[in-house]
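Asker: Please find the sequence and the predicted model below.
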Amino acid sequence: MALYNKHYINFRAKHLIFIVINNINNLNAPVILLHGINDNVIQSSKSITLHQKLKELEIPDRLVLTPLISHGTGKIGLKILFSIPALIKAFAFFYKNIK
């Protein structure tokens, strides 16, 4: 059952990224892509793909891949502290672009 769920979730993630990319031209707001590096449900490569598409369309965005979050699990350790500046910059970008 767990294997089925993993494949279904991967299928859904691919389907959702396809929907988002195909409708991205309607977007008129800056985007923050905040994704856990160790996300075992939706691969961080999906956010990287979306980030590349946003750049092509010249839509302001900020991509942050961080060990601070994952998909329902969390670990706090010394290495995580080094990710905090990128996280702060992403939120600063978002607040700067709010209209």
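Answerer: That came through fine.
Asker: which sections of this protein are below the confidence cut-off?
Answerer: 1-18, 72-81, 99 (pLDDT under 70).
Asker: Let me see the ranges of the strands in it.
Answerer: Using DSSP state E, the strands of the chain run over 31-36, 61-66.
Asker: any idea which of the ones you listed is most buried?
Answerer: strand 61-66 (a mean of 20; mean count of other C-beta atoms under 10 Å). The C-beta positions use only the backbone N, C-alpha and C, and glycine is treated the same way.
Asker: elements contacting that strand?
Answerer: strand 31-36, helix 45-56, helix 84-96 (3 or more C-beta pairs under 8 Å, 6 or more residues apart in numbering; DSSP states H and E).
Asker: just so I know, which of those lies nearest Asn22?
Answerer: helix 45-56 (9.9 Å; C-beta to C-beta).
Asker: other SSEs contacting that closest one?
Answerer: helix 2-22, strand 31-36, strand 61-66.
Asker: Quickly note the distance from Lys89 to Leu54.
Answerer: 17 Å (C-beta to C-beta, to the nearest Å).
Asker: Between these two, point out the one with more neighbours.
Answerer: Per other C-beta atoms under 10 Å, whichever of Lys89 and Leu54 has more neighbours is Leu54, with 20 against 12.
Asker: mind listing what the closest residue to that one other than its chain neighbours touches?
Answerer: Spatially, and ignoring its direct neighbours in sequence, Leu54 is nearest to Asp61 (4.3 Å; C-beta to C-beta, 6 or more residues apart in numbering). Contact analysis of Asp61 by C-beta atoms under 8 Å, 6 or more residues apart in numbering lists 30-33, 51, 54-55.
Asker: Any idea what Asp61 is bridged to?
Answerer: Per DSSP bridges, the residues bridged to Asp61 are Val31.
Asker: How about the one 5 residues further on?
Answerer: With DSSP bridges as the criterion, Thr66 is bridged to Gly36.
Asker: No further questions, thank you.
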